[in-house]
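> model this:
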Amino acid sequence: MIRIKITVFALTALSFSVWSSPIQRWVPNAQLVGESRYTYLFWNVYDIALFAPNGDWQSTQPFALTLTYLRDFTGEQIAQRSLREMQKQGLNDNIKGQQWLAAMQEIFPDVEKYQTLTGVLDEQGNSHFYFNSELVGSVDDPEFGKRFFNIWLGENTSEPKLRQELVRGGN
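Below you'll find the model as predicted:
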């Protein structure tokens with residue numbers, strides 16, 4: 001069963017500071033592991049950064065990904081693309097996929113250029129999402145967390161170069 005917690009988010013453009021962010025709440029001694037820019041064709045889409053304890057990413061330990069968007073997207077677009085990427089990596093349970101899509105549609109806000117979404121995977125494998133450092137929702141389902149973050153960090157990611165820049169030798 002998927003439990004979703006939704007928090008109303010403020011639509012204020014807050015400056016994003018890792019050191020005063022929710023990353024420190026969930027990731028002990030969070031340090032930057034790697035960062036990259038995702039570009040599709042000739043469009044810059046977002047800058048992405050991975051934070052882990054002591055800068056040592058392990059898929060079984062808490063970590064955070066920040067995406068600072070360089071274009072405007074609706075939350076619906078982000079949710080739909082996330083589900084497609086999960087399916088590319090082997091998610092073939094349509095019922096679960098639709099449940100996760102509904103959760104993401106409720107959680108992900110519309111973003112404008114330079115706004116940040118942060119996803120955190122906690123010690124239990126649950127996912128927490130922040131919009132400009134404000135909690136917008138959580139999904140208490142470790143399978144969701146693994147599949148969602150594998151969009152960028154999994155061995156079968158559609159962007160292996162980006163993954164390598166993020167994990168820099170982590171496993």
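> Spell out the secondary structure type for the residue most central in space within the chain.
Centroid check for the chain by CA atoms, centre = their mean gives G119 as the closest residue, at 3.7 Å. Using DSSP: H, G, I helix; E, B strand; the rest coil, the structure places G119 in strand.
> now do I78
Three-state call for I78 (three-state DSSP): helix.
> Ok, S36 next?
State at S36, reduced to three classes by three-state DSSP: strand.
> L70 is in contact with K113, correct?
Yes. In terms of CB atoms under 8 Å, K113 counts as a neighbour of L70; the distance is 6.0 Å. Every C-beta, even on glycine, is put in place using the N, C-alpha and C of the backbone.
> Between the two, which is the more surrounded one?
L70 (15 against 12; other CB atoms under 10 Å).
> I'd like the distance from that one to Y46, if you could.
L70 sits 6 Å away from Y46, going by CB to CB, to the nearest Å.
> Can you give me the pLDDT of Y40?
In the prediction, the pLDDT value recorded for Y40 is 89.
> Q89 now?
Reported pLDDT for Q89: 89.
> dump the residue contacts of it.
By CB atoms under 8 Å, 6 or more residues apart in numbering, Q89 lies in contact with 147, 150-151, 154, 156-157.
> Buried residues of stretch 58-66, list them for me.
For stretch 58-66, burial by neighbour count (16 or more other CB atoms under 10 Å) applies to 59, 61-66.
> Only alpha carbons, please: show that stretch as CSV.
Extracted in CSV, the C-alpha atoms of stretch 58-66 (Å, rounded to 0.1, in the frame of the first residue of the first chain):
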residue,chain,number,x,y,z
GLN,A,58,25.9,4.3,-1.4
SER,A,59,22.5,3.3,-2.8
THR,A,60,21.5,1.7,0.6
GLN,A,61,22.2,4.9,2.6
PRO,A,62,20.3,8.2,2.8
PHE,A,63,21.0,10.6,-0.1
ALA,A,64,19.5,13.6,-1.9
LEU,A,65,19.2,14.8,-5.4
THR,A,66,18.6,18.4,-6.3
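> So, low pLDDT: which residues of this protein?
1-20, 169-171 (pLDDT under 70).
> can you rerun that using 90?
1-22, 40, 42, 89, 133, 168-171 (pLDDT under 90).
> Quick check: phi and psi on the residue of it positioned farthest from its centre?
Within the chain, F42 marks the point farthest from the mean C-alpha position, 22.7 Å out by CA atoms, centre = their mean. Main-chain dihedrals, F42, degrees, to the nearest 10: phi -120, psi 10.
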